[in-house]
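S.K.: sequence first, predicted model second:
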Amino acid sequence: MTSSEATPTGSEPDVGLRVELSRVEAELSELLREAHEVRAQLTDEGAMDSADRSSIITQAEQLEAIAAELEQRREGLLARLKES
């Protein structure tokens, strides 16, 4: 008897999806926190030259772009869980 025969149909994939969803949500939360902290540097550090300011903005935008990809991944996982 294999493990898939020992569990009800659909439950094992659901567990995997839920674990993946949890991991994605944790990563997403961390990335959004980091992006917020990076953007806070723009006001916390007072006067800075345009190169430093531009670098900080670019870093925040990169983090936010990765977060957007994770949000799409999360939505896909949620949709798959609803289907199962």
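M.R.: That came through fine.

S.K.: for the strand or helix carrying A26, buried residues please.
M.R.: Under the criterion of DSSP states H and E, A26 resides in helix 11-44. For helix 11-44, the neighbour count (16 or more other Cβ atoms under 10 Å) marks L17, E20, L21, V24, L28, L31, L32, E34, A35, V38, R39, Q41 as buried. For every residue, glycine as well, the C-beta is placed using N, CA and C.

S.K.: among those, which one lies nearest to R80?
M.R.: Ranked by distance to R80 (Cβ to Cβ), those are led by L17 at 5.7 Å.

S.K.: residue contacts, the closest one?
M.R.: L77, R80, L81, S84 (Cβ atoms under 8 Å, 6 or more residues apart in numbering).

S.K.: lowest average confidence, helix or strand, in this structure?
M.R.: The weakest-scoring helix or strand in the chain, judged by mean pLDDT, DSSP states H and E, is helix 3-6 (a mean of 40).

S.K.: just to revisit the earlier point, next helix or strand past the helix holding A26?
M.R.: Using DSSP H and E, the helix or strand that follows helix 11-44 in sequence is helix 50-83.

S.K.: give me the angle between the helix holding A26 and helix 50-83.
M.R.: 160 degrees (axes from the mean of the first three to the mean of the last three Cα atoms, to 10 degrees).

S.K.: list the contacts for the residue nearest to L63 when sequence neighbours are not counted?
M.R.: Using Cβ to Cβ, 6 or more residues apart in numbering and skipping the chain neighbours, the partner closest in space to L63 is A35 (3.9 Å). Taking Cβ under 8 Å, 6+ apart, we find A35 in contact with A60, L63, E64, A67.

S.K.: follow-up on the earlier one: out of the contacts of L17, who has the most neighbours?
M.R.: Within those, neighbour counts (other Cβ atoms under 10 Å) peak at L77, which reaches 18 neighbours.

S.K.: ok, the closest residue to that one other than its chain neighbours - contacts?
M.R.: Spatially, and ignoring its direct neighbours in sequence, L77 is nearest to L21 (4.5 Å; Cβ to Cβ, 6+ apart). Contacts here follow Cβ under 8 Å, 6+ apart; on that basis L21 touches R74, L77, L78, L81.
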